[in-house]
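>>> got a predicted model here, sequence first, then my questions.
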Amino acid sequence: MKDISLVLAKINNHVTFCDTTLRDGEQAAGIVFANIEKLRIAKLLDELGVQQIESGIPAMGGDEKKAIRKIAQMGLNASVLGWNRASLEDIEHSIDCDVDSVAISMSASDIHIEHKLRKSREWVLDRIQEAVEFASDHGLYISCNGEDASRADPEFLIEFAKTAAEAGAHRFRYCDTLGIDDPFSAYKNVKMILDNVDIDVEMHTHNDFGMATANAVAGIKAGAKFVSTTVMGIGERTGNTPLEEIVMTCKHILKIPTGVETERLKEVAEFVAKASGRDIPPWKPIVGENCFAHEAGIHTDGVIKYLSNYEPYSPEEVGQTRKIIIGKHSGRSAIISALKEKGITVDEETASKLLPLVRAASVSLKRSLSTNELLYLYQDFKEGTNVLDEIEE
């Protein structure tokens with residue numbers, strides 16, 4: 001028998017993150033993690049401070065089951081959870097993997113019940129009760145997942161969550177499976193569940209309309225204590241709530257302690273990107289390389305004068321560095337600052353004369369300039385040479 005008190009102690013946070021990179025993240029089309037990568041990702045998530053790791057689907061057997069069992073036996077600080085259908089056989093596979101927690105998933109919407117399961121509401125509730133009671137009898141922490149909950153009939157959703165709670169589930173995972181919620185509907189639905197059922201709620205939001213993080217925040221505002229995440233938001237179709245986004249949102253906007261070592265978010269994202277064969281878009285919030293890159297003259301001047309003018313938090317806080325980009329939109333301050341790094345001091349007048357050359361070079365090359373290229377332009381300027389004029393001739 002598992003010691004539930006130990007699991008509850010691990011996930012007793014203001015907001016607890018259940019990261020499903022190893023399950024829902026790997027379900028993204030074309031992503032396959034090698035077992036060595038799965039173990040490393042689990043270790044990195046644990047070191048990061050993630051409180052619960054959804055390690056995969058034990059019922060798949062083979063390499064999947066071997067990796068999950070190994071993760072469960074690594075002695076991580078985090079709780080290790082296995083994902084299951086509402087099937088006793090699935091749960092037996094999770095028990096065999098020695099995980100301390102299980103997610104038991106069942107469709108909650110009439111669309112799924114009729115067109116996917118081809119069963120009845122009564123059948124769904126019976127399977128939930130049977131599966132949750134079985135897991136409870138084996139001493140496991142239980143999350144009962146309402147798949148497609150955002151399209152479910154509200155009264156049935158309450159009945160679904162009550163059935164799970166009465167059978168012994170510790171939390172209800174509210175799944176916006178198609179990402180069709182908006183923050184207002186997400187808030188309303190989660191509050192409705194909490195007002196009618198004595199059970200914790202977890203937000204599991206997808207990003208089909210770009211609102212996964214916003215909907216997760218809305219759920220937290222309504223009282224949800226758990227959030228399902230994936231690193232960089234990888235997952236089915238357009239992905240899930242990105243771990244790094246919701247962590248930083250909780251920390252800076254909601255003012256909620258996270259227990260996550262944010263300085264390593266970039267490091268973890270880079271490893272997952274490599275393992276999944278996905279690039280990190282430069283504009284990706286929190287972990288993209290352009291998060292602290294400044295080129296526009298007004299912004300660059302503002303950052304040089306006072307960092308908080310155009311940065312919501314320091315780059316060091318998420319393992320990033322600040323970059324002053326020299327290009328078409330640069331201003332005098334950026335030129336002065338960049339040349340100073342090369343040990344060259346120029347005044348405003350000189351920077352003003354250099355600026356048209358910098359912009360022309362950037363347009364000609366269709367990109368920004370390196371500091372060395374800026375240095376070369378400065379040297380040419382001092383020598384009275386305009387290499388751009390010579391090329392045009």
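Nice, I can see it.
>>> doesn't residue 232 make contact with residue 212?
No. In this structure, residue 212 is not within contact of residue 232 by Cβ atoms under 8 Å, at 11.8 Å. From N, CA and C alone the C-beta is placed, and that goes for glycine too.
>>> now do the shared contacts for these two.
Shared contacts of residue 212 and residue 232, defined by Cβ atoms under 8 Å, 6 or more residues apart in numbering, are found at 239, 242.
>>> now do the contacts for the closest residue in space to residue 172 that isn't next to it in sequence.
Spatial nearest neighbour of residue 172, excluding adjacent residues (Cβ to Cβ, 6 or more residues apart in numbering): residue 161 at 4.5 Å. Residue 161 sits next to 144, 146, 172, 193, 196-197, 199 when contact means Cβ under 8 Å, 6+ apart.
>>> helix, strand or coil: sort out residue 161 for me.
helix (DSSP: H, G, I helix; E, B strand; the rest coil).
>>> likewise for residue 251?
Residue 251 - assigned by three-state DSSP - is helix.
>>> rewinding a little: from residue 194, how far off is the residue nearest to residue 172?
Per Cβ to Cβ, to the nearest Å, residue 161 is found 9 Å from residue 194.
>>> and residue 115, by the same measure?
With Cβ to Cβ as the criterion, residue 115 and residue 194 are 29 Å apart.
>>> so which of these two has more stuff around it?
Counted by other Cβ atoms under 10 Å, residue 115 and residue 194 do not tie: residue 194 has more neighbours, with 19 against 10.
>>> identify the residue nearest that one in space, chain neighbours excluded?
residue 223 (4.8 Å).
>>> ok, now which ones touch that neighbour?
Neighbouring residues of residue 223 by Cβ under 8 Å, 6+ apart: 190-191, 194, 201.
>>> can you report how many residues lie near residue 328?
Residue 328 has 18 neighbours, counted by other Cβ under 10 Å.
>>> let me know the secondary structure of it.
Following three-state DSSP, residue 328 is assigned to coil.
>>> if I look at it, how far off is residue 339?
Residue 328 is 18 Å from residue 339, by Cβ to Cβ.
>>> what of residue 122?
The value you get for residue 122 to residue 339, if Cβ to Cβ is used, is 75 Å.
>>> more neighbours, these two?
Neighbour totals were compared for residue 122 and residue 339, and residue 339 leads with 20 against 8 (other Cβ under 10 Å).
>>> correct me, but that one touches residue 377?
No. At 10.0 Å, residue 339 does not count as touching residue 377 under the criterion of Cβ under 8 Å.
>>> am I right that residue 103 sits in a helix?
No. Assessed by three-state DSSP, residue 103 does not belong to a helix; its assignment is strand.
>>> point to the residue nearest the middle of this protein.
Centroid-nearest residue in the chain, with Cα atoms, centre = their mean: residue 242, separated by 1.6 Å.
>>> list the contacts of that residue.
212-213, 229-233, 285-286.
>>> run the last query once more with 10 Å
By Cβ atoms under 10 Å, 6 or more residues apart in numbering, the residues touching residue 242 are 207, 212-213, 216, 229-235, 248-249, 265, 269, 284-287.
>>> residue 41 too?
Contacts of residue 41 (Cβ under 10 Å, 6+ apart): 19, 21-22, 25-26, 33, 53, 55, 71, 231, 268, 271-272, 275-276.
>>> now with 6 Å, please.
If you count contacts by Cβ atoms under 6 Å, 6 or more residues apart in numbering, residue 41 has none.
>>> in this structure residue 273 contacts residue 284, no?
No. Counting by Cβ atoms under 6 Å, residue 273 does not reach residue 284; the two are 9.7 Å apart.
>>> flag every buried residue along stretch 271-281.
Under the neighbour-count criterion of 16 or more other Cβ atoms under 10 Å, stretch 271-281 has 272-273, 275-276, 278, 280 buried.
>>> among those residues, which ones are in helices?
272-273, 275-276 (DSSP state H).
>>> would you turn these into TSV with pLDDT?
Compiled in TSV, these are given as follows (pLDDT from 0 to 100):
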residue	pLDDT
272	98
273	98
275	98
276	97
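>>> which of those sit farthest apart?
With Cβ to Cβ as the measure, no two of those lie farther apart than 273 and 275, at 7.4 Å.
>>> where does pLDDT dip in the stretch 251-393 of the chain?
For the stretch 251-393 of the chain, the stretches flagged by pLDDT under 70 are 295-301, 304, 306-307, 387-393.
>>> hmm, residue 99 is touching residue 83, no?
No. With contacts counted by Cβ under 6 Å, residue 99 stays clear of residue 83, the gap being 9.7 Å.
>>> give me the nearest residue to residue 123, chain neighbours excluded.
residue 117 (7.5 Å).
>>> residue 310 versus the one you found, what's the distance?
Distance, residue 117 to residue 310, using Cβ to Cβ: 51 Å.
>>> among the two, which residue is more densely surrounded?
When neighbours are counted by other Cβ under 10 Å, residue 117 and residue 310 differ, and residue 310 comes out ahead with 17 against 14.
>>> was I right to think the more buried one contacts residue 291?
No. Contact status for residue 310 versus residue 291: not in contact, 11.3 Å apart, counting by Cβ under 6 Å.
>>> which parts of this structure belong to which domain?
The record's domain parsing of the chain by automatic domain parsing lists 4-276, 293-392.
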